Every structure is written in structure tokens, then in C-alpha cells.
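> Structure for this input, please:
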Amino acid sequence: MGFNIYFGLLFLCTLLFGFAIAEDGKVHIVYMGSLLHNNREELVTSHLQVLSSVLESPRHAEQSLVRSYTSAFNGFATVLSKEQATALAEKAGVLSVFPDPVLNLHTTHSWDYLEKDLAMTGSSYRKPKSSGADVIIGFLDTGIWPEADSFSDKGMGPVPSRWKGQCVKGEGFNVSNCNRKIIGARYYSGGEDDDLVTSIKSNSIWPQTRTARDYDGHGTYTASTAAGSFVDNANYNGLAKGTARGGPTSSSTRIAMYRVCGLDYGCPGVQILAAFDDAVKDGVDIVSISIGVRSSNQADFMNDAIAIGAFHATQKGILVVSSAGNEGPDSQTVVNAAPWIFTVGASSIDREFLSNVVLGNGKIIEGKSITFSNISQSAVHPLVYAGSIPDNSSYPLAASNCLLDSLNATKTKGKVVVCIANGTATSKPFMKIAVQNAGGIGMIVVDDLQMFEAFDYGTFAATSISKSSATEIFAYINSTRNPVAKITPSKVVTNYKPAPVIASFSSRGPGALTQNILKPDISAPGLNIIAAWDPPNTFIDTVLSEMIPSTFNMMSGTSVAVPHVSGAAAFLKSMNPTWSFSAIRSALMTTAIVRNNMGQLLTNESDILGTPFDFGAGVVNPIGALQPGLVYETSIDDYFHFLCNYGLDSENIKLIAANQSYTCPSGTKVDLISNMNYPSIAISKLNIVNGSTTISRSVTNISPDLAPTYKVTIGAPPGLSVKVSPETLQFSKASTKLSFNVVFTPTKFATKGYVFGTLVWSDGKHNVRSPFAVNMV
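Numbers count the residues shown, from 1 in each chain. The predicted structure is shown next:
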């Protein structure tokens, strides 16, 4: 209390005397490694001292300090000029100083699909009931709408006694809004003391949003996807009716919400780190964070707010699950790719929203969309190709893409218009506006890249078709003087094939910062997923006037995939409380599926065969992961060694490890990153002429059988020799952890570029699968 009063007086002085901040000052994050102790007052004093060394006086340091991090790691946020930041970075004990980054959100039936259809084929066991071990997931997101039915605590036991978190009162949010499901809710507004109502510092840095209540919907959505209670008759504006729920043990999974994002200012790194700091102190088991930067803005690991927060959460035994990003299908776009982060890509489920095209010749073309149009279904409507009706001031190419103001209104009015998607993520909303503005009554979008993402066109009649289907439509248009068509209302189809497919938008590997760790790690449902939302939207053109808007929403994105993996990890932790989170990550990766419901290898939305850079180890299979057989345990020392090989020196690692005697191993180099005991293997450079490299791994037996015998099967690509030694692993009660080497050697048929393969250890009951990626140069 005394310390809060101190900072309250400090802010009051700021208000009264207005100490000056440098005119070019910006918020910076100062990272100082692990904590040597947890005395908050001493830590803040040390932060003020180091800050004073580059500012004019201690009073300026007090004014400039925005927030101290004192629970998970050592650091602070402060307002600095560029010159001050440079000077501070040179001070002893400072690992990095970087401007506060503003990150972005990476924006039902899915759990039934994961548990039933992706469960281990031919397994002799059923999904067990929860052991009752509560798991707490901390969500770093836009807040939560506590009144949503998905957050009912009916039938839940008392809040775990180990929980140390808070339900913080805010605007429109009371302590009573928390319950036995939502056990914690915090928000961040920038100031050191969030109990203060106002402060010049926080007002001058970002807008005030002093509540954990979700006015965006994203946080409500992700929390209910991972841990929501059962809600009957959930639907998206009447479509896809069913029971909404979180993961297999959602009835005992608790939610802690950390509101770090705002409607108008994104997700500041200062607030993300504050949430990590609190989450560690509060006692969460898993951090689920569907946030990231664009791949072109990726920072080094020591200048990345999520990587820093995640590292120290991992140090405390917390699993951090985060999104790969939505910049696919371009390669090398994956973000949140530090090896201590469980990085998730997006895939489809076996449910599709179909809205077909019926041509005047009776031919039915499959289309995918959501449309609540009341366009007449008893009649057909004139059909025209957009490229043939450009406006006088436009060109046929622009018109074919249905760009704004590119269509001739006279020739568009009353017609169904065929448009060619130009490949940008925002193309469909603008195409819809362009056709509507020109008087069109419907739209057919030719789009191979985003075919499986059911875009919601509201009350406008529109659908998306593939390029191959477009060939049939164009042939029909050219065969008659008066082509006509109609677009059917949306209907939901389950058991759709093929499923899963990898979403086109899901960011791809290899990682930009290091290619010696294979990223993403895994994929999960992230296409057309229905989950809870804040109060129903009533935007015009969303639903028909006679329809009741839903309290659920449908979204796509890797941010949607993340809570599926968070929920799966919570399930495994609940069933196996003694498992480490690296064991849980390994179990989910080595049991992930790599074939669709047609028995074929996974493909992307364009029906092109996928690789581990698309889907990681495969699509998450929570039931199969219950019995992985063997696991790859990754220790915190492995991460220290990674940082050594990545290029940090021993002095820096001492600060990160809070161990003054730590020394990096001799002979560190980037290539040795591949030797980290990870469930997958990546080699960034293998000389095609005379190259050969040996990779080491260790596996731990966690199956009930104490003496299993595992034999390896190698799936090597053409041009690469892969040999494993030993080829058999014999475990015993005394030998539960065994090591093996993998030798990769190009053959005379090798060609330059990445090739992919698999190692599978099997005892006849368990298949422990590890993908590998090798770049031959």
C-alpha cells in the first residue's frame, strides 16, 4: 500500500509541476534479463537509478518511468529520446532497449471434429473423463464479455487455492463479473499504478481503456474457443446450429483474461509484457496469445516483446501458445517463431458453407460463402463477366477485379457479375461494394487462394468458386446471347472432403530469424470457426430484418487456431498433471495428423501438396496425444544453448539466466541450433557436394510399458540419405531416456533447395513422428 501511495504522489507531482519529457520521446522497453530477487521496491529503485544515469535528474527519471516489470523478469518501460535510448543500451546490466512495438490481433463443431474424426485410427481406448485437475489459461487479448453463456460456471468447483490473480474493477466491469469460470481479469493502460484514475503520462502515450470488458469481441471469442462452457443451440445467424464448447476438459478449465489490446491502438508491447509479468505472478498454467507483428517487422528475439515475455514464462514452467501469422501462402512469413513458443498455423475442419451457382443451362457450380440474400430463387438473373463491362474511365483488368469505380453502371445494373479475385486479403469486401455501387444484384468471385474461407456477404447474393469451375461459367457465357444464373442460399455441409486443408492465409516457414528450428510447430482449426462474441451486431446488410442476430460469431485466422491448441494442451495437462509442458508440446506434435479424411497427404486450399513449412508437424490431434509413447523434452538449458548458438555471449546469458557462473559451451555456432532437443528437425544449410551433418536427439518413455522396444522408419526424400543410429531403442525401468543420432548426406541425385521427410519411432502401439526440413545448398 505504501508503495502505491508513493507512486500516487509521484503522479500527483507530475500533474502539479509538469516535469518535461523530451519532445521526441517515445515509449521504450528496457530488458534486463531474469530476476535475482522479487523485492519490488528495490527493483523499481534500481530501474530509476539506471534511468537517472541518462536523464537530467532523478525527478526526470521518475516522470519518464511508465512501468516496472518485477514478477516474471527484470525490466521497465520508459519514455526516452532516440539518443537517450542509445545511451541506456550501453549501461551495465541492460540487455536491450527498443521502441514499444504495436502488435496486431491475428484474426462448436471444431472440437467435435478434433476429438472424433482426428482421433487415433484403430485405437482401443476412448476419450477418458477429466481427472478433475484444474488448468488455468491466461489469455492476452481484447478482454472478455462475462455475460456470454460460454462463461457460465455452472457445475464448476471452487477456484483453485493456488490462484493468486485478481478480478480488477473497471469501466462497465465489476468484480462480481468474475466467477468460477472467469477467475481473473486485468487491463492495462500504461501507468505504473492502474488504480489511479488519470495520469498525464498514460494519457500522453496511448488512449485510456480502463476495463477488462471486451468491446472488440476477439478476446471473448478466443477464450470461449479454448475453455468455453457448453452452450446448446449455438449458431451463426441461424447457420451451423449445434453445441458450442471449449476443449475436452473445458468444464474444469479456468479463464484469466489480460486485456492488452484496444479498438483504436492495437496491442502495445509495454502492455503485453505487463500481462506476462502478472500472469506469472498470478499462477496461470498456459498463456494463449493470438497476437503478432507483420513478418517484415520482426525484431530480434531480445527486442521482441512476445519472445521476451514468453521466455520468462517458459522459465517458470508455463506453456506459451501463439499464432504463426496470416501472411500466407508466401514463404518465410511465420512470426512468433522462438523455440520456446508453441507456434500455430491454421487449417480447415470438415464443415463448409456452400452457396452454389445455378446456370441457365441447368449446370450447378459449387460455391462457398455465407449469404442471407432474399434475391428471388424462382427466377434467374442476367450474368456478365466484369472484365467485359469496364467504366469509360477504367480498364478491363481493373474491371475484372471489380475494383472500386471500375464497372459500367448501365451494363452492371440488375446483373450477377463474375469477378476475378486479385489475391489481396481485403479484396472481397471492396469487390462487393464495387458491384453494389454499380447496381449489380449478385457476385461470383473466382478465387483459388481463399476458397475454403466462407466470406460473409451479409444480405448481398455472392459466392466464391474455383478457377476450374470458372472455366465452365465462362464457356457458358460465351455459348449464349443471354446468359443467366442464380446464387442459392447458404447451406451447411458436414463431413466435407477433403478436410483438413491448410488455410492459404496461414503464414509459412522457414523462420526469418533462424531456419534451424522448423516453424510453424503445428496447425489447428482456424477456418470458419463459430464461438462466443460480445453483444450481437446489428449492422445494416449483415442479416435480414426479420432475423435475430446471433450472440456467436464466425472467424478465420491463426488467432482462431491458437485457442484450439491451448485447449488441447489444457486437456493433456488435466489428464497428466505431472507432464512438463515441453512433454505436452512434444506429444501434440508427434501425434499430429498429416493425412486428410480421404487418406491423402495434407494439401493447401489450391489442392497443392503441403510441407512442414505449411502445417508444421501436422494438424493437432488431442485424443491421440494422450498416449504419445515417447516425448522430446526441451529444457531451459536447451534454450540458453540456443541463445549462445544464435550469437549472444555468456555475459548476456548470465543476465537472462540470473546465473553469474553461466558460460556458453565452446564452439558455439548457428548450425548447432539444429541439435536442440526439439520434436522436429531443421537444417538451414547442407552442402550438396561434400556435405554431411549429424543431428542428435533424446526421447523419454512415458508410456505404461516400462520396457518397450522402438524401431525407426525413415521417410527420406529423393537426393538425401538419412541414417539413424541406433535403429532400435530398448527402454527399461532404469533407462527411460535414450539418445540417437541422425546423419543427413546428399546423394549424387541431390538438387538445391529444401527437401522434407519424416522419422517415425514405433513400438507397434505408438508412432512417434518427427518431420524434418533440410536445405541443400
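> Going by neighbour count, list what's buried in stretch 682-694.
682, 683, 684, 685, 686, 688, 691, 693 (16 or more other C-beta atoms under 10 Å). All C-beta spots, glycine's among them, are computed from the backbone N, C-alpha and C.
> residues contacting the closest residue to residue 480 other than its chain neighbours?
Closest residue in space to residue 480, ignoring its immediate chain neighbours: residue 360 at 7.1 Å, by C-beta to C-beta, 6 or more residues apart in numbering. Shown in contact with residue 360 (C-beta atoms under 8 Å, 6 or more residues apart in numbering): 380, 383, 476, 480, 482, 483, 484, 485.
> what's the pLDDT at the fourth one?
Model confidence at residue 480, expressed as pLDDT, equals 95.
> Show me the contacts of residue 360 that map onto helices.
residue 476 (DSSP state H).
> Looking at pLDDT only, which of the contacts of residue 360 scores worst?
Within the contacts of residue 360, pLDDT is lowest for residue 380, at 83.
> Counting neighbours, what do you get for the closest residue to that residue other than its chain neighbours?
Among residues not flanking residue 380 along the chain, residue 484 sits closest, at 3.9 Å (C-beta to C-beta, 6+ apart). By the criterion of other C-beta atoms under 10 Å, residue 484 has 17 neighbours.
> Find the residue closest to residue 58 in space, skipping its chain neighbours.
residue 52 (4.9 Å).
> for residue 613, same thing?
Closest residue to residue 613 apart from its sequence neighbours, by C-beta to C-beta, 6+ apart: residue 509 at 3.7 Å.
> can you count the residues close to the one you found?
Around residue 509 there are 28 residues (other C-beta under 10 Å).
> Can you pull the phi and psi angles for it?
phi -80, psi -180 (degrees, to the nearest 10).
> Before we move on, what's the pLDDT of it?
So, for residue 509, pLDDT stands at 97.
> before we move on, back to that, what's the spacing between the residue nearest to residue 58 and residue 94?
From residue 52 over to residue 94 the distance is 14 Å, taken as C-beta to C-beta, to the nearest Å.
> in the stretch 101-250 of the chain, which spans are strands?
102-105, 135-141, 182-187, 231-236, 239-244 (DSSP state E, counting those that start in this stretch).
> on contacts alone, who are the packing partners of the third one?
It stands for strand 182-187. In terms of contacts (3 or more C-beta pairs under 8 Å, 6 or more residues apart in numbering; DSSP states H and E), strand 182-187 is packed against strand 253-259, helix 269-282.
> tell me the most buried of these?
Neighbour counts (mean count of other C-beta atoms under 10 Å) averaged over each of the helices and strands packed on strand 182-187 peak at strand 253-259, with a mean of 30.
> could you check the angle strand 135-141 makes with that one?
If you take axes from the mean of the first three to the mean of the last three C-alpha atoms, to 10 degrees, strand 253-259 sits at 20 degrees to strand 135-141.
> Strand partners (parallel or antiparallel) of strand 253-259?
Sheet pairing of strand 253-259 (DSSP bridges) gives strand 135-141 (parallel), strand 182-187 (parallel).
> could you turn the first one into PDB, dropping everything but the C-alphas?
This file holds the C-alpha atoms of strand 135-141, laid out as PDB (Å, rounded to 0.1, in the frame of the first residue of the first chain):
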ATOM      1  CA  VAL A 135      -5.900 -25.900 -15.600                       C
ATOM      2  CA  ILE A 136      -5.700 -22.100 -15.800                       C
ATOM      3  CA  ILE A 137      -5.300 -20.500 -19.200                       C
ATOM      4  CA  GLY A 138      -4.300 -16.800 -19.400                       C
ATOM      5  CA  PHE A 139      -5.500 -15.000 -22.500                       C
ATOM      6  CA  LEU A 140      -3.600 -11.900 -23.700                       C
ATOM      7  CA  ASP A 141      -6.300 -10.300 -25.800                       C
END
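> Please tell me I have it right and residue 404 contacts residue 435.
No: contact criterion C-beta atoms under 8 Å: residue 404 and residue 435 do not qualify, at 10.2 Å.
> Who has more neighbours out of the two?
residue 435 (25 against 13).
> does that one belong to a helix or a strand, and which?
Per DSSP states H and E, residue 435 falls inside helix 427-437.
> where in this protein is pLDDT low?
Residue ranges of the chain with pLDDT under 70: 1-24, 107-132, 190-208, 376-378, 423-426, 536-549.
> for it, what's the longest helix?
helix 558-575.
> For the helix or strand following that helix, which helices and strands make contact with it?
As assigned by DSSP H and E, the chain's next helix or strand after helix 558-575 is helix 581-590. For helix 581-590, the contact count by 3+ C-beta pairs under 8 Å, 6+ apart identifies strand 319-323, helix 558-575, strand 630-631, strand 767-776 as packing neighbours.
> Using a markdown table, please lay out these together with distance to residue 33 and mean neighbour count.
Shown next, in a markdown table, are the helices and strands packed on helix 581-590 (distance: least, C-beta to C-beta, whole Å; neighbours: other C-beta atoms under 10 Å):
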| stretch | distance to residue 33 | mean neighbour count |
| --- | --- | --- |
| strand 319-323 | 18 | 31 |
| helix 558-575 | 27 | 30 |
| strand 630-631 | 29 | 27 |
| strand 767-776 | 32 | 22 |
